[in-house]
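In: A predicted structure for the sequence below; I have some questions about it.
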Amino acid sequence: MNVLVIGSGSIAQKHIKNLHSLKYKVYVISNNSKFFTKNNKIERILDHKNLPNIAFAIIANSSFNHYKFIEILIKKKIHIYCEKPIFHKEFNYLKTRNQLKKNKIIFYSGYQLLRDSKIEYIKKKLKKLKVKSFMASVGHDFTKWRKHKIRKDSYYKNTSKGGGVIFELVHEVNLISNLFGKILKIKTFKKSASNFQCEDIATSIIQTDQKIIGTLYQDMYSRIFFRNIAIVTNKKNFTINFEQNIILENRKVIKFKESNNQLSLLKKNLQEFIKKIKKKDYSLKEFDGSVSDLKNCLKMHAKT
């Protein structure tokens, strides 16, 4: 079966590797000609107007181009897997939703952390407990992680193009909604980097529809990578440590042997998307969730 990947960056390359392991033939749309000279297992598509028969497409290019390709794929009635965030500004959500529904297109979001065994474990635990508060924090050194993307005109440096820590580290916004309920109120304090046109640090105070209050800290220039969620409940306290692949349950250390690296999580997420296609599950929960995350990011930017 044929699959289209839009983009050739690090995430797109991981998707391509997983697709090859699942025996799909991969076609790629990208302006990076060097990428194709090094990869003879993929076919380059120069014009989306002349696509072969495609089972589904993965949008993994620059976030400010996501919606352009969502519209193209909807018209071609191709199932869509879209990396996060879905976009960086408002669009006609209802019109797009209706078009997805009318054309029977399955939409899936690239929130692979939901497949992490630690998140699956904590979701089961929280069903029997009352959450009182949470503290989520995430940080990495953007300039080391995306060395080839730190040129002066890079979109990662410009909030108006979808750059900045709020969009870059949107995963936590999604995790908060999935673990603690829909975000009702969010107030964000942020600091802009001196040499970029975007915020590099943001701290948010959040209230969910389950009357849970918490905080989110996002850091784009941390010297070390960290991703943690501390949770206070009526009976137990938990700390999820993604880097060490453990959960502290009160003082008990729970270790997870399962590989939770990005490549394996992307593959698990992709397989869930493929299952949804096979089942012809046209529910738009994933689309609605992506739109909700975008709206929250815009609130964090104080644009809505």
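Out: Nice, thanks for sending it over.
In: would you map the helices across the stretch 51-200 of the chain?
Out: Secondary structure of the stretch 51-200 of the chain (DSSP state H, counting those that start in this stretch): helices located at 66-75, 93-102, 117-126, 142-145, 165-168, 171-180.
In: quick check: the closest residue to Arg115 other than its chain neighbours vs Lys161, distance?
Out: If the residues on either side of it in the chain are set aside, Arg115 comes closest to Lys268, at 4.1 Å by C-beta to C-beta, 6 or more residues apart in numbering. Glycine gets a C-beta too; all of them are placed from N, C-alpha and C. Summarising the geometry, the distance separating Lys268 from Lys161, computed by C-beta to C-beta, to the nearest Å, is 30 Å.
In: for Ser133, same thing?
Out: Computed as C-beta to C-beta, the Ser133 to Lys161 distance reads 34 Å.
In: neighbour count for the two, which is higher?
Out: Each of Ser133 and Lys161 had its neighbours counted (other C-beta atoms under 10 Å), and the higher figure belongs to Lys161 (20 against 14).
In: next one, pLDDT for that one please.
Out: Lys161 is assigned a predicted lDDT (pLDDT) of 78.
In: if we can go back for a sec, my guess is the residue nearest to Arg115 meets Gln112, correct?
Out: Yes: using C-beta atoms under 8 Å as the test, Lys268 is close enough to Gln112 to be in contact (6.9 Å).
In: who has more neighbours out of the two?
Out: A side-by-side neighbour count of Lys268 and Gln112, using other C-beta under 10 Å, places Gln112 first with 23 against 17.
In: wait, that one sits on Asn261?
Out: No: because the distance of 10.3 Å does not satisfy C-beta under 8 Å, Gln112 is recorded as not touching Asn261.
In: contacts only, for the most centrally placed residue in the chain.
Out: When C-alpha atoms, centre = their mean is applied to the chain, the residue found nearest the centroid is Lys84 (3.5 Å). Contact analysis of Lys84 by C-beta atoms under 8 Å, 6 or more residues apart in numbering lists 63, 109-111, 170-171, 174, 290, 293.
In: when you compare pLDDT across the residues you listed, which one is lowest?
Out: Minimum pLDDT across these is recorded for Ser63, with 92.
In: quick check: nearest residue in space to that one, chain neighbours excluded?
Out: In space, and not counting its chain neighbours, Ser63 is closest to Gly162: 4.0 Å by C-beta to C-beta, 6+ apart.
In: distance of that neighbour from Lys14?
Out: The span separating Gly162 from Lys14 equals 20 Å under the rule C-beta to C-beta.
In: all strands of the stretch 151-300 of the chain, in order?
Out: For the stretch 151-300 of the chain, strands defined by DSSP state E, counting those that start in this stretch occupy the ranges 183-192, 199-208, 213-219, 221-233, 237-241, 246-249, 252-255.
In: now the angle from the third one to strand 221-233?
Out: Per axes from the mean of the first three to the mean of the last three C-alpha atoms, to 10 degrees, the angle that strand 213-219 makes with strand 221-233 is 160 degrees.
In: could you list the low-pLDDT ranges of this structure?
Out: Scanning the chain for pLDDT under 70 picks out the ranges 40, 145-156, 195, 303-304.
In: longest helix in it, please.
Out: For the chain, the helix that runs over the most residues, judged by DSSP state H, is helix 262-279.
In: which outside residues touch that helix?
Out: Surrounding helix 262-279, the residues in contact under the criterion C-beta under 8 Å, 6+ apart are 11, 14-15, 17-19, 21-22, 55-56, 58, 79, 81, 106, 108, 110-116.
In: and it, what's buried?
Out: Counting neighbours by 16 or more other C-beta atoms under 10 Å, one finds that the buried residues in helix 262-279 are 264-270, 273-274, 276.
In: and the residues you listed as JSON lines, adding distance to Gln197?
Out: As requested, these are exported to JSON lines (distance: C-beta to C-beta, whole Å):
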{"residue": "Ser264", "distance to Gln197": "35"}
{"residue": "Leu265", "distance to Gln197": "31"}
{"residue": "Leu266", "distance to Gln197": "30"}
{"residue": "Lys267", "distance to Gln197": "35"}
{"residue": "Lys268", "distance to Gln197": "36"}
{"residue": "Asn269", "distance to Gln197": "31"}
{"residue": "Leu270", "distance to Gln197": "34"}
{"residue": "Phe273", "distance to Gln197": "34"}
{"residue": "Ile274", "distance to Gln197": "39"}
{"residue": "Lys276", "distance to Gln197": "38"}
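In: great, nothing more from me.
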